[in-house]
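In: have a look at this fold, sequence not included:
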Ligand code: SDX
């Protein structure tokens, strides 16, 4: 390793000193600036954290330039093809693929915790029927802290694992109940004879007056959606969970903060926004107008589902979801005009200098709405499903952070307000 990568030199008017360079398993190296303020009285200014590593993590690796996504070292494409969501959940939470005994025990715990306390279900009656399901789940998940205070000692690794498993087990039940409540259907209880994805589908679409027969193509597509959305290193919602966790807040409150952050259209809310954008475009002939509008800086219109803070290449998840969307549309015999608009929009944008120059490619949200719509979900459930999957990532980072125990996260600022001034005498 050449010297230039061993330290970074800081030269101020008073002195020059060196800061160590940290090197991970792969990816960008990092200048360790922890002593910068103590030694030089200087802060590092990085709004949006474009050049900031907030922590060390061993869970997920993203190479935005090459379009690479690894969960505990395994490529996302291979996991989506060969694994299943409950196995991926175990991998993300505990670091290694489970053996037969481990996956049986983990699956048994998820089954055991998948039912909701009946009083939790009473919360739903307090929401308006037309409440956005994200509003329902963010409130309900936070309220779980009122039910499981007997298992919230975050200093006890056994209780930490139990709380994390409880959240993974209950989030599909909570999400499905938000849907059934919104459409006036009876709440469905988990069916432990089904796998995680199929059970979610039966809790959403099952009805008491007819047997729910899982459609293998749709359930496999749901399992794949959950795998692809499970984690993505230090994205906005995961960083929100880590920041909340650093204060010692209970796991249910931390995951509720992640749900709140995910909801934004710049983040997990983009899948719902993509469908609204495609519906607004309405016809292939209107695409050039939409593309020009997205390039026009005089408005804040953007192509939803395009661009990414880290990926400056294809988001590997987008390709898998596009393929799954085609499979499901064909299986359902649906000819969704929005898919044709999306495919043409991608083609036109990827040939446009504006998008090429800025390395803007379709991201995970660009095709997921088309797939979920074909599976029968309303637009307002798309981000909820993202939250169901990402709960695994959030609890994995929560567990990792608790294990590290590095104390409260407390960023500083560059103050640009008024200098000290006396209160005016009246
Ligand atoms: C997710 O972080 C994660 O890992 C997130 C996620 C995960 O799994 O957790 O991957 C999930 O959130 C995916 C992203 C979903 N959001 C969207 O699809 C919303 C549309 N995309 C944009 O809002 C935007 O691309 C972001 C928010 C995703 C990224 O924004 P950045 O990194 O802050 O990009 P930027 O604003 O610095 O853009 C650079 C340039 C700007 O133009 P110039 O000022 O250089 O002229 O690109 C332009 C931007 O205006 N630009 C776009 C654009 N995205 C960026 N122009 C038109 N349409 C877009 N979508």
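Out: Cool, the structure landed. The shown structure was predicted, so the numbers you read here are calculated from the model rather than taken from an experiment.
In: for residue 96, give me phi and psi.
Out: phi -140, psi 160 (degrees, to the nearest 10).
In: who in the stretch 301-426 of the chain is up against the ligand?
Out: With CB under 6 Å from any ligand atom as the criterion, the stretch 301-426 of the chain comes near the ligand at residues 302-310, 358, 360, 363-365. Just so you know, the C-beta spots here come from the backbone N, C-alpha and C atoms, and that holds for glycine as well.
In: for these, which one is nearest the ligand?
Out: residue 307 (2.3 Å; CB to the nearest ligand atom).
In: can you tell me, leaving aside adjacent residues, what's nearest to the closest one?
Out: Excluding its sequence neighbours, the residue lying closest to residue 307 (CB to CB, 6 or more residues apart in numbering) is residue 360, at 4.3 Å.
In: pretty sure that neighbour sits against residue 349.
Out: Yes: because the distance of 7.1 Å satisfies CB atoms under 8 Å, residue 360 is recorded as touching residue 349.
In: hey, what's in contact with both of the two?
Out: 303, 306 (CB atoms under 8 Å, 6 or more residues apart in numbering).
In: about what we covered before: just the residues of the stretch 301-426 of the chain next to the ligand now: which is nearest residue 321?
Out: residue 364 (6.7 Å; CB to CB).
In: contacting residues for that closest one?
Out: When contacts are taken as CB under 8 Å, 6+ apart, residue 364 is in contact with 228-229, 232, 271, 315, 317-318, 321.
In: coming back round to it: ok, the residue nearest to residue 307 - how many residues close by?
Out: By the criterion of other CB atoms under 10 Å, residue 360 has 20 neighbours.
In: returning to that earlier point: closest one of the contacts of residue 364 to residue 330?
Out: Of all these, the one with the least separation from residue 330 (CB to CB) is residue 321, at 14.9 Å.
In: which element, helix or strand, includes that closest one?
Out: If you go by DSSP states H and E, residue 321 is part of helix 316-332.
In: what helices or strands is the top strand by length along the chain leaning on?
Out: When the chain is scanned for its longest strand (criterion: DSSP state E), the result is strand 16-22. Counting contacts by 3 or more CB pairs under 8 Å, 6 or more residues apart in numbering; DSSP states H and E, the secondary-structure elements packed against strand 16-22 are strand 7-11, strand 30-31, helix 36-40.
In: tell me which of these is the most buried.
Out: Mean neighbour counts were taken over the helices and strands packed on strand 16-22 using mean count of other CB atoms under 10 Å, and the top value, a mean of 17, falls to strand 30-31.
In: what pairs with that strand, parallel or antiparallel?
Out: Strand partners for strand 30-31, identified by DSSP bridges, are recorded as strand 16-22 (antiparallel).
In: now the partner strand: mean pLDDT?
Out: Averaging pLDDT along strand 16-22 gives 91.
In: can you check stretch 67-80 too?
Out: So the average pLDDT for stretch 67-80 ends up being 98.
In: which positions in it come out as buried?
Out: By neighbour count, and taking 16 or more other CB atoms under 10 Å as the criterion, the buried residues in stretch 67-80 are 67-72, 76, 79-80.
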